[in-house]
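Enquirer: 3D, please:
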Amino acid sequence: MDAKIHLERRPAISGKQVVDPAAWKPHVLAQTDDWKYTFNSGDIAEISAAVDAVQAQGLDLINLNRDSFPLPTVSSILGRIKSELLDGKGVFLMHGFPVEEWSVERVAIAYLGMGHYIGEPVSQNAMGHILGHVKSLGGSYFDPKNRGYNTSAGLPFHADSSDITGLLCKQTAKAGGLSRVVSTVELHNVMTERRPELAAELAKPIYRDRRNEVPEGKLPYYKLPVFNYCEGHLSVSMSRGYIESAQRFEELPRFSPQLRAALNMIDELNEELAFDMELQVGDIQWVHNHVTSHSRTEYFDWEKQEKRRHLFRLWLSTPDGRPLPQEYGERFHSLEAGQRPVGGILVPGTKLIAPLDA
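Expert: Numbering: from 1, shown residues only. Have a look, this model is predicted:
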């Protein structure tokens, strides 16, 4: 993997085509391998030694950091991956992590430890999970009390409430569960070219549902455009499920025909621009939420609990990441006014934990 594989970026301007290395088409991504890396035996040995040291100290997962998880060689690999996520294509895939040979605890330590070299883990739900688990617990995606990742439903394309999302595949489903990624920068460009009036509609604030995960002093919904322009960067935030479910609040305005048409066009472009990948056991997928959206197809699970589909998940904040407009402060948790939003979900009483299962 070359250290410098980035293409040109020009300042993003509302209503104009955006020139950015994160604007890729699926067939181009399929023809390149510079966004992939396979662990070698030396990498695994170094990570294993770091895990051994953590276990020997009895260090709690919540207290892991780069100092307590030294990776003299692998750190440079993870650094280049972070650069590709923030300044390149915005998607990366790693192969060959030994999840089948290691205990759940060792995998969790290793994954969180590596995550610290890309960003800072943040809470993924009201329970304060910094180590999340994509695993079906039953229930319907369309119930506002449920989070989609704890169902087996096919999920609409969305961006998470963090800068970076990581998924480590521990167990695959019996059938289905295909992972899908779209360059939302490319989506923006296609929409701007074909229907500029609809692209303009998505640059306006749009209400989203918090789905009962409400931070201190906030309303159960918030406003954020889909297309956001800040200091020369385009950041895209598309989560149609949360936009649609905000309509359950009677005090909010109903969708205009123009907004409905714009949302429908995004759905059409997602299908046109999606890159599909089947995550295998031991794969780690990283995506940059401000330049991509992701989804998965419906899946059917195994009957035995120990064989059921299970992915470890990280939400990572990157304080050195791209500038974000103030509107993101409504979605992301921010400690101080004017601070770059930290990301994650914090509600009254949240205590950060790192559970080993869903």
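Enquirer: quick one, helices of the stretch 251-358 of the chain?
Expert: Residue ranges of the helices in the stretch 251-358 of the chain, as given by DSSP state H, counting those that start in this stretch, are 257-273, 328-331.
Enquirer: So, low pLDDT: which residues of the protein?
Expert: Confidence mapping of the chain against pLDDT under 70 gives the ranges 1-7, 136-152, 299, 302, 333-338.
Enquirer: one step back: I'd like the helices of the stretch 251-358 of the chain laid out as JSON lines, including distance to L29.
Expert: C-beta: built from backbone N, CA, C; applies to glycine. Converted to JSON lines, these look like this (distance: least, Cβ to Cβ, whole Å):
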{"stretch": "helix 257-273", "distance to L29": "10"}
{"stretch": "helix 328-331", "distance to L29": "27"}
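Enquirer: can you give me how far stretch 206-219 is from the chain middle?
Expert: Chain-centre distance of stretch 206-219: 19 Å, with Cα atoms, centre = their mean, to the nearest Å.
Enquirer: Contacts for that stretch, please.
Expert: Applying Cβ atoms under 8 Å, 6 or more residues apart in numbering, the contact partners of stretch 206-219 are 125-126, 144-145, 147, 220-226, 239, 242-243, 245-246, 248-249, 252-253, 259, 330-331, 333, 345-348.
Enquirer: circling back to that earlier point, highest average neighbour count across the helices of the stretch 251-358 of the chain?
Expert: With neighbours taken as mean count of other Cβ atoms under 10 Å, the helices of the stretch 251-358 of the chain reach their highest mean count in helix 328-331, at a mean of 20.
Enquirer: contact partners of it?
Expert: Taking Cβ under 8 Å, 6+ apart as the rule, helix 328-331 contacts 161, 208, 218, 222-224, 228, 235, 237, 337, 341.
Enquirer: returning to that earlier point: neighbour count says what about the contacts of stretch 206-219? Which are buried?
Expert: With burial judged by 16 or more other Cβ atoms under 10 Å, the buried subset of the contacts of stretch 206-219 is 125-126, 144, 147, 221-222, 224-226, 239, 242-243, 245-246, 259, 330-331, 333, 345-347.
Enquirer: And S75, how far from I44?
Expert: 15 Å (Cβ to Cβ, to the nearest Å).
Enquirer: try A56
Expert: Taken as Cβ to Cβ, the span from A56 to I44 is 18 Å.
Enquirer: between those two, who's got more neighbours?
Expert: I44 (17 against 8; other Cβ atoms under 10 Å).
Enquirer: Spit out the contact partners of the more buried one.
Expert: The contact partners of I44, by Cβ under 8 Å, 6+ apart, come to 97-98.
Enquirer: helix/strand/coil for it?
Expert: helix (DSSP: H, G, I helix; E, B strand; the rest coil).
Enquirer: Roughly how far does it sit from I118?
Expert: 18 Å.
Enquirer: following the helix or strand encompassing V181, which helix or strand comes up?
Expert: Assigning secondary structure by DSSP states H and E places V181 in strand 179-183. With elements assigned by DSSP H and E, the helix or strand that comes after strand 179-183 is helix 184-194.
Enquirer: for the helix or strand following that following helix, packing partners?
Expert: Next helix or strand after helix 184-194 toward the C-terminus (DSSP H and E): helix 196-201. Counting contacts by 3 or more Cβ pairs under 8 Å, 6 or more residues apart in numbering; DSSP states H and E, helix 196-201 packs against helix 184-194, helix 257-273.
Enquirer: and with 10 Å instead?
Expert: Other elements packing on helix 196-201 under the criterion 3 or more Cβ pairs under 10 Å, 6 or more residues apart in numbering; DSSP states H and E are helix 184-194, strand 227-230, helix 257-273.
Enquirer: who does whatever helix or strand comes next after that helix pair up with?
Expert: Later in the chain than helix 196-201, the nearest helix or strand by DSSP H and E is strand 207-209. Neighbouring strands of strand 207-209 in its sheet, by DSSP bridges, are strand 221-223 (antiparallel).
Enquirer: roughly how far is the partner strand from the heart of the chain?
Expert: Distance, stretch centre to chain centre, for strand 221-223: 20 Å (Cα atoms, centre = their mean).
Enquirer: Not counting that strand itself, show me its contacts.
Expert: The contact list for strand 221-223, computed with Cβ atoms under 10 Å, 6 or more residues apart in numbering, reads 204-211, 214-215, 242-243, 245-249, 251-252, 327-331.
Enquirer: So F227 versus K89, what's the distance?
Expert: For F227, the distance to K89 - Cβ to Cβ - is 19 Å.
Enquirer: try L155
Expert: L155 is 22 Å from K89, by Cβ to Cβ.
Enquirer: Also A159?
Expert: Applying Cβ to Cβ to A159 and K89 gives a distance of 15 Å.
Enquirer: So between the two, which is more surrounded?
Expert: Neighbour totals were compared for A159 and K89, and K89 leads with 27 against 22 (other Cβ under 10 Å).
Enquirer: mind listing the strands for the stretch 101-250 of the chain?
Expert: 120-121, 132-134, 155-158, 164-171, 175-176, 179-183, 207-209, 221-223, 227-230, 233-236 (DSSP state E, counting those that start in this stretch).
Enquirer: closest to R10 out of those strands?
Expert: strand 233-236 (10.6 Å; Cβ to Cβ).
Enquirer: who's in contact with the closest one?
Expert: 9, 11-14, 16, 18, 20, 22-23, 159, 163, 182-185, 187-189, 202, 225-229, 266, 288-293, 321-325, 327-328.
Enquirer: Report the secondary structure state of the most far-flung residue of the chain relative to its centre.
Expert: Here the centre of the chain is the reference, and by Cα atoms, centre = their mean the most remote residue is A56, at 31.8 Å. Here A56 is recorded as helix under three-state DSSP.
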